[in-house]
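structure of the sequence below:
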Amino acid sequence: MNDSLVIIPTYNEIENIESIIRKVFSLPKSFDILIVDDGSPDGTGQKVEDLQKEFSTNLFLEKRTGKLGLGTAYIHGFRYALNKKYDYIFEMDADFSHNPDDLIHLYDSCKNGTELAIGSRYATGVNVVNWPMHRVLMSYFASKYVGFVTGMPISDTTAGFKCYKRRVLEIINLDNIKFVGYAFQIEMKFKTWKYGFRVTEVPIIFTDRTKGKSKMSANIFREAFFGVIQLKLSSWRKKKWYNL
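Residues are numbered from 1 along each chain as shown. So this is what the prediction gives:
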């Protein structure tokens, strides 16, 4: 077994799933992959099962019934990773918006002392390709808004390309994670930071998907917008954050 697990949640990613799996397995550093599929009607889960015949020792699949949300998919994956004793646990999209080559940079950051490495679109300006300007502005200023409300010293607060050291996920109580959409990404960063873990942003170039459909919706955006305020208020009520 490798020391690193890449968790990729999927819903209708039949156009991307084989390519992303083969790309990760072609990297010079070895990673295991866990696909958490929410009952994709397009056959994504079946394609992964077919690929498991070729990658029997490194490719794993957890099939869930129905579209249950990004956050719950990652928490499902986190529990799997902790149970299997992986030391480095990654989040990555299936659509190549996250360049698999950057997995090695995130790994190196955590190997050298970081406890949460974030693949950051905004650490060195705005590094986004193929998004319309209105979406770039919405994402960029959403990150600024989150940082202002929470106080997190992180440029890309909504990023979904990350590497956690095992210890972070052991300390954070996954049962208490409230959000299921993209606010989940903010909540996990916020709690990691509040617990005093070392957080580093690793600059990446984010490229919008060319195949398949985005899962972003107005409800997801609303959850993130108002969820930030809830996070801040709940942190005031918490009596103690550990200084690790």
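
make it CA atoms for all contacts and neighbour counts henceforth
Fine.

tell me the first helix or strand C-terminal of the host helix or strand of residue 9.
Assigned by DSSP states H and E, residue 9 belongs to strand 4-10. Once the chain leaves strand 4-10, the next helix or strand it forms, by DSSP H and E, is helix 17-25.

next, the angle from that next one to strand 4-10.
For helix 17-25 against strand 4-10, the angle by axes from the mean of the first three to the mean of the last three Cα atoms, to 10 degrees is 170 degrees.

least trustworthy helix or strand in the protein by mean pLDDT?
Lowest mean confidence among the helices and strands of the chain (mean pLDDT, DSSP states H and E): helix 218-237, at a mean of 66.

still on that earlier bit, and the strand holding residue 9, what does it pack onto?
strand 32-37, helix 70-83, strand 88-91 (3 or more Cα pairs under 8 Å, 6 or more residues apart in numbering; DSSP states H and E).

how about it: buried residues?
4, 5, 6, 7, 8, 9, 10 (16 or more other Cα atoms under 10 Å).

got it, and stretch 18-28?
Using 16+ other Cα under 10 Å as the test for burial, stretch 18-28 gives 18, 20, 21, 24, 25.

and the residue lying closest to the last one once chain neighbours are set aside, what is it in contact with?
Going back to what we said before, that points to residue 25. Nearest residue to residue 25, sequence neighbours excluded (Cα to Cα, 6 or more residues apart in numbering): residue 31, at 6.8 Å. Applying Cα atoms under 8 Å, 6 or more residues apart in numbering, we find residue 31 in contact with 2, 3, 4, 5, 6, 24, 25, 58.

hmm, the first one is touching residue 32, no?
Yes. At 6.3 Å, residue 2 counts as touching residue 32 under the criterion of Cα atoms under 8 Å.

quick one, which of the two is more surrounded?
Set side by side, residue 2 and residue 32 show more neighbours around residue 32, with 21 against 15, by other Cα atoms under 10 Å.

okay, the more buried one and residue 208: tell me how far apart.
For residue 32, the distance to residue 208 equals 24 Å [Cα to Cα, to the nearest Å].
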